[in-house]
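Coordinates for the following, if possible.
(chains A and B)
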Number of protein chains: 2
Amino acid sequence: MVDVATLVDQAREGRPRAVARLISLVENAAPQLREVMAALTPYTGQAYTVGLTGSPGVGKSTSTSALVTAYRRLGKRVGVLAVDPSSPFSGGALLGDRVRMQEHATDPEVFIRSMATRGHLGGLSWSAPQALRVLDGAGCDVILVETVGVGQSEVEIAAQADTTVVLLAPGMGDGIQAAKAGILEIGDLFVVNKADRDGADATARELNHMLGLGEARQAGDWRPPIVKTVAAREQGVDEVVEALEKHRAWLAETGELAARRTRRAAQEVEAITLAALRARIGDLRGDRHLQSLAERVALGDLDPYSAADQLIADLTS
Amino acid sequence: MVDVATLVDQAREGRPRAVARLISLVENAAPQLREVMAALTPYTGQAYTVGLTGSPGVGKSTSTSALVTAYRRLGKRVGVLAVDPSSPFSGGALLGDRVRMQEHATDPEVFIRSMATRGHLGGLSWSAPQALRVLDGAGCDVILVETVGVGQSEVEIAAQADTTVVLLAPGMGDGIQAAKAGILEIGDLFVVNKADRDGADATARELNHMLGLGEARQAGDWRPPIVKTVAAREQGVDEVVEALEKHRAWLAETGELAARRTRRAAQEVEAITLAALRARIGDLRGDRHLQSLAERVALGDLDPYSAADQLIADLTS
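Down below sits the predicted model:
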């Protein structure tokens, strides 16, 4: 039996193994999950979370690694959550293509975790926020959430961060693609990576044009900056950190930080509520009353909606 | 505003347009959905439903059409629900590759409907059973549910019928594929279609062998028969109907028919219950209490599980 209080203490001290075990408890929806969340709660709400998204090939992993380096230089404890909604495989191990991340693997102030969420019990809205909560509770100053691919679920995860970074690269027709995926709307900051390649300026210009096409902004509104980087050579990464800190300050000043976090928390509470109600319905499965309701529906003696009304009454009595 | 009682009366009289409109109300989760189900309920529980599944290329559409012909010869009113979980497009129109079905398009005793369920509100467990309920209430004696593809959701739909027919064709290595997809377990009847091709006997033998590998059957257990057909030339189709009627009789004698229908109804009631609870949670979204719970969770003042407990109390008060 895992002693949750001890694990949380050890995670607070920065022991990677304890952090990994806590995330595993979350991922596996372990019986202690509730206890884990209760024990972590007093230490949460501190971390600044940054979501990174973009098409495959734009250099998300390299950019994430470069950001870790930059934040480590500032003395920050950094968490990285690499979320892959298309894969059923999870674990503490680095993903195969995350070679760049390995330079941080031995840094005790960096926690790296890959998380697969396909077919995950409770879905994305449930597992990723709670893993973030573990990293937050473990004292990370900054958490980078990197998503694989640009499907709807990836976009949703990235958009759950305090700040969402959308990465592009020149010559991929990314501006247009991004607009299609509805990704322009969620970007608080745009990074044109691989800026040493031909077309970087054109991509930045096109992006600038598309961002300008939106409705007129009011004074005090955030105008997403566009930063050019060559992440593989760590060029422009300090500028990204600077832009992130500016956005963070803007979020705090305008009250938007609290608003975003409250929205996220509301979604999380809703997801947990729904999972709990689903479990209660499951518990009623062998129940005589549900059985007799179902029999009557099968016979055409009762419509399924009236049966559902009665089942809800059972659940809530 | 649609008058539900009139639509149900017209559907009972066998008017295809009324049936189509009722299914559209189901698909679109119209406000009148509940009224539709209540009005149909007294007329449901009569239809014999047959699910047809199998890999693309085995001739599902042709087989379904041939079965319609055979049941029409017996004077039965027949419903066909072609469910495509991979497509977001629904409607009364026949699917492009359903040319064979067109010979029945003008038959007033045949209702054909294609239904796309990808991303459908409430999911498969919710929409397909209610469409079946419309066809049942409209007085269909037999409803053929044809699924496109053999993914998990297709298998689930096919398995919701009174009798599940698994189609195979020679020379596709289907026996092995079917075993992988867990399709052997759900088959009450196996059809080796395109039996005029080389390898039909080998496919039937292989299938027979695989079915025999299961646990020892007890006396009175159903032994799924294997029927060879050439659906395009309507060969063997009467034997399929004969096998279906035998299975139907077996279901009725053993009480398995009532058991299956009760199980199905229980799933449907559970799905409706969950959708209703989800809607109630949605209704609370602007609510001051959820907002303040979420604020406390965001600040690390309350854990999300305790917040969910309070939300459940709100829902059920």
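
Name the spans of the stretch 51-200 of chain A whose pLDDT lies under the cut-off.
For the stretch 51-200 of chain A, applying pLDDT under 70 flags the ranges A:84-101, A:117-126, A:149-154, A:172-182.

Near chain B, which residues of it are found?
Contact residues, the stretch 51-200 of chain A versus chain B (CB under 8 Å from any CB of the partner chain): A:130, A:133. No exception for glycine: its C-beta is placed from N, CA and C like everyone else's.

now the helices for the stretch 51-200 of chain A?
Counting by DSSP state H, counting those that start in this stretch, the stretch 51-200 of chain A has helices at residues A:60-73, A:124-137, A:152-159, A:174-180, A:200-212.

now A:Arg288: how far from B:Gln130?
For A:Arg288, the distance to B:Gln130 equals 25 Å [CB to CB, to the nearest Å].

Could you report the separation of A:Thr106 from chain B?
30 Å (CB to the nearest CB, to the nearest Å).

Looking at the helices of the stretch 51-200 of chain A, which is nearest to B:His104?
Among the helices of the stretch 51-200 of chain A, the nearest to B:His104 by CB to CB is helix A:152-159 (38.1 Å).

hang on, the earlier thing: any chance of the helices of the stretch 51-200 of chain A in JSON lines, with mean neighbour count and distance to B:Gly139 too?
What follows is the helices of the stretch 51-200 of chain A, written out as JSON lines (neighbours: other CB atoms under 10 Å in any protein chain shown; distance: least, CB to CB, whole Å):
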{"stretch": "helix A:60-73", "mean neighbour count": "22", "distance to B:Gly139": "57"}
{"stretch": "helix A:124-137", "mean neighbour count": "24", "distance to B:Gly139": "43"}
{"stretch": "helix A:152-159", "mean neighbour count": "21", "distance to B:Gly139": "41"}
{"stretch": "helix A:174-180", "mean neighbour count": "17", "distance to B:Gly139": "46"}
{"stretch": "helix A:200-212", "mean neighbour count": "16", "distance to B:Gly139": "56"}
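
buried stuff in stretch A:24-32?
A:24-27, A:30, A:32 (16 or more other CB atoms under 10 Å in any protein chain shown).

I misspoke; the intended subject was stretch A:295-315.
A:295-298, A:300, A:302-312, A:314-315.

Tell me the residue of chain A that sits nearest chain B?
Proximity of chain A to chain B (CB to the nearest CB) peaks at A:Thr316, 3.2 Å away.

Give me the pLDDT for that residue.
Per-residue pLDDT puts A:Thr316 at 70.

Which of the buried residues of stretch A:295-315 fall within helices?
Applying DSSP state H to these, the entries found in helices are A:295-298, A:304-312, A:314-315.

quick revisit: hang on, the residue of chain A closest to chain B packs against B:Arg280?
No. The pair A:Thr316 / B:Arg280 is not scored as a contact, 10.2 Å apart, by CB atoms under 8 Å.

picking up where we left off before, number of nearby residues for the nearest residue to the residue of chain A closest to chain B once chain neighbours are set aside?
Of all residues not flanking A:Thr316 in the chain, B:Thr316 sits nearest, at 3.2 Å (CB to CB, 6 or more residues apart in numbering or on different chains). Look at B:Thr316: counted by other CB atoms under 10 Å in any protein chain shown, it has 14 neighbours.
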